[in-house]
Each structure stands twice: as structure tokens, then as C-alpha cells.
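Undergrad: Build me a model:
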Amino acid sequence: MTHDAGLRLHLLRVLRAPRSVVFRALTEPGELVKWWGPEGFTTASVESDLRPGGAYRIAMRPPEGELFHLVGEYVEVTPPERLSRTFRWEPPDPEDRETVATLSLHDIDGRSTELRLTQGDFATQRRQALHEEGWTQSLDKLEALMSSAGARAR
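TA: Numbering: from 1, shown residues only. As a prediction, the model looks like this:
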């Protein structure tokens, strides 16, 4: 992972599942609730109009705290290769600004997928670090889910 002067986040994962399975996990509400959010968080609901310009809303609850929402709209939806969406919190933190998160999926061998995440530009390094921690923990959960899905597909 690298950070540039524009306060962007870059993460890379290799997931042991076909690209189409990973794309579904990123986009289908019933799959998203299985892995979305940092450790200890629960995803209460996902509303999604999966098309460019379509809105989404994810209700999240921290281990000790009130329900809050992640909202935005899809910028690009290209199954099973790419998903890009705006990303903002309700209610926003004073240091927050709307960012764009893009997930690119690259087939490795028909059984594994390289996932590349970019997100930015963040207003502060503290908010960038918070998103890095959240995405890293979420992607850990996605990786575990995809490993079990990949094993079942074999």
C-alpha cells in the first residue's frame, strides 16, 4: 500500500475465488452484509440501485454505538471488472469529505482474483488512516469469505 500527496488510499488483495463471485460479494446486498465493516461492526441493511447514477445506503453499527450510514452513488458498474462509487458518511465527521472508492478486479487463473482498491482524496491524514483500517479489516473478512467460497467452487 502507498500514500501519495493527494491523500489517496491504495490497497491490493488476492482473493481465492473467481472474479464473478468476488463481484457479487461486492455488489449484492445479501453478500455484502456478510463481510462489510471493520471488526466488531454489524451491517444492519444494504439498499442498492446498482447502475451508474444509482444510489446506495449501508446501515452500520459499531460494537458500542449508534447506527450510522454510508451513502453515495455508483459512478461505474462494469461486471465483473470494476465498481466505482462515491463514499460519504451520514452524519459526516467534520474532517470528512465525499471521496470516490474504485474496486478493480483482475482474473488471475479463473480461480483467483486480484482486487485493487483506490479511494480519495481525503481531507486529512487521520481520515485516510481511519479508512485504511476499516477497509483492511473489511477485506480481511472478504478474503476469508472468498476462501471458503473458492473451496466450495472447486
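Undergrad: Model confidence for Asp4, exactly?
TA: Taken from the predicted model, the pLDDT recorded for Asp4 is 44.
Undergrad: Go ahead and confirm Asp96 touches Glu90.
TA: No. At 10.2 Å, Asp96 and Glu90 do not qualify as touching, with contact defined as Cβ atoms under 8 Å. For glycine as for every other residue, the C-beta is placed from the backbone atoms N, C-alpha and C.
Undergrad: With neighbour numbers in mind, choose between the two.
TA: Asp96 (17 against 10; other Cβ atoms under 10 Å).
Undergrad: contacting residues for that one?
TA: Contact partners of Asp96, counting by Cβ atoms under 8 Å, 6 or more residues apart in numbering, are 88-89, 123, 127.
Undergrad: buried ones in the lowest-mean-pLDDT helix or strand in the chain?
TA: When the helices and strands of the chain are scored by mean pLDDT, DSSP states H and E, helix 125-153 comes last with a mean of 88. Along helix 125-153, the positions that meet the burial threshold by neighbour count (16 or more other Cβ atoms under 10 Å) are 127-128, 130-132, 134-139, 141-143, 145-146, 149-150.
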